[in-house]
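Trainee: I would like the atomic coordinates for the input below:
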Amino acid sequence: MKIETSFIPGILVISPNVFHDHRGYFFESFNQKEFNEETNLDVNFIQDGESYSHKGVIRGIHFQSYPFEQNKLVRVIEGEVLDVVVDLRRESDYFGKYFSRVLSGENKTQLFIPKGFGHAFLCLSDYAILAYKVDEIYSSANDRTILWSDPNLNIDWKIDDSEVKISDKDKNGESFISFVENYD
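Mentor: Numbering: from 1, shown residues only. Purely as a prediction, here's the structure:
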C-alpha cells in the first residue's frame, strides 16, 4: 500500500496494491496488521457501514462528539464521489479548513479520517456505493451534523446548489459558528 499525507495533519490518502490480470483484479481492501504498521497508528475498527447514493446526493458533514468520536476508513466500491473532510479540532492550525479528494471504484483510493474531523461526500456518478470502517459504536445522542453549505467553511462542492439532493437532517445541520460556540 502507498500512503500519502494531506496538507491537514492526520488525514491519510491510502492507495492499495491492485493486482490485474486477464481475469480482472484483486486487492486487499484492509489488513489490520499492515494498516497499523504502515500508518504507525493503533486503530481497531469494530464496525463497517455502506451507503448507496444517486448522482447529486450530498451526505454530511457528519461526526460524533466525545466520548463517541470515530476514526474512519472510507472507500468507494462502485461509482465516484467527492469526499470532503473538515478539521473540527479547535487546537489545530487547520481548524475549519477542509480537504477533498475524488474516491472511486476505479482508483480504489481510501481516506483515513481521524477523530476530530467532520466527513461528507457528494456522489459524482450516476450512483456510488461507499464503504467505511469505524472504531467506535454509533451513538445517536452524539451524532452531529454541520451544514454542508456553511459559508464559513466555503467548501467547493463542484456542483450547483440546485442540483444537490440532501436529507432533512443534513439540510438542517448546525452552522459552523454554532458548532464553535457550543464546542464540546
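
Trainee: how near is the residue nearest the centre of the chain to residue 175?
Mentor: The chain has residue 119 as the residue nearest its centroid, 4.2 Å off, counting by Cα atoms, centre = their mean. Plainly put, residue 119 is 18 Å away from residue 175 if you go by Cβ to Cβ, to the nearest Å. The C-beta positions use only the backbone N, C-alpha and C, and glycine is treated the same way.

Trainee: and the residue nearest to the centre of the chain, which of the three is it?
Mentor: Following DSSP: H, G, I helix; E, B strand; the rest coil, we place residue 119 in the strand state.

Trainee: let me know the pLDDT of it.
Mentor: Residue 119 carries a pLDDT value of 98.

Trainee: same check on the one 5 residues further on?
Mentor: Residue-level confidence at residue 124 comes out at 98, pLDDT.

Trainee: would you enumerate the residues in contact with the closest residue to it other than its chain neighbours?
Mentor: Leaving aside its chain neighbours, residue 124 sits nearest to residue 80 (4.5 Å; criterion: Cβ to Cβ, 6 or more residues apart in numbering). Counting by Cβ atoms under 8 Å, 6 or more residues apart in numbering, residue 80 touches 102, 103, 104, 105, 106, 123, 124, 125, 128.

Trainee: touching, residue 51 and residue 129? I think so.
Mentor: Yes. Assessed by Cβ atoms under 8 Å, residue 51 is found in contact with residue 129 at 7.3 Å.

Trainee: if I look at the spatially most distant residue from the centre of the chain, how far off is residue 181?
Mentor: Computed with Cα atoms, centre = their mean, the residue of the chain farthest from its C-alpha average is residue 22, at 32.7 Å. Using Cβ to Cβ, residue 22 is found at 59 Å from residue 181.

Trainee: hmm, back to that, list the contacts for the residue nearest to the centre of the chain?
Mentor: Residues in contact with residue 119, defined by Cβ under 8 Å, 6+ apart, are 60, 61, 62, 63, 72, 74, 83, 84, 85, 86, 113.

Trainee: which parts of the protein are helices?
Mentor: Taking DSSP state H, the helices of the chain run over residues 32-39, 168-171, 176-181.

Trainee: can I get these in JSON lines including mean pLDDT?
Mentor: Formatted as JSON lines, those follow (pLDDT from 0 to 100):
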{"stretch": "helix 32-39", "mean pLDDT": "93"}
{"stretch": "helix 168-171", "mean pLDDT": "96"}
{"stretch": "helix 176-181", "mean pLDDT": "94"}
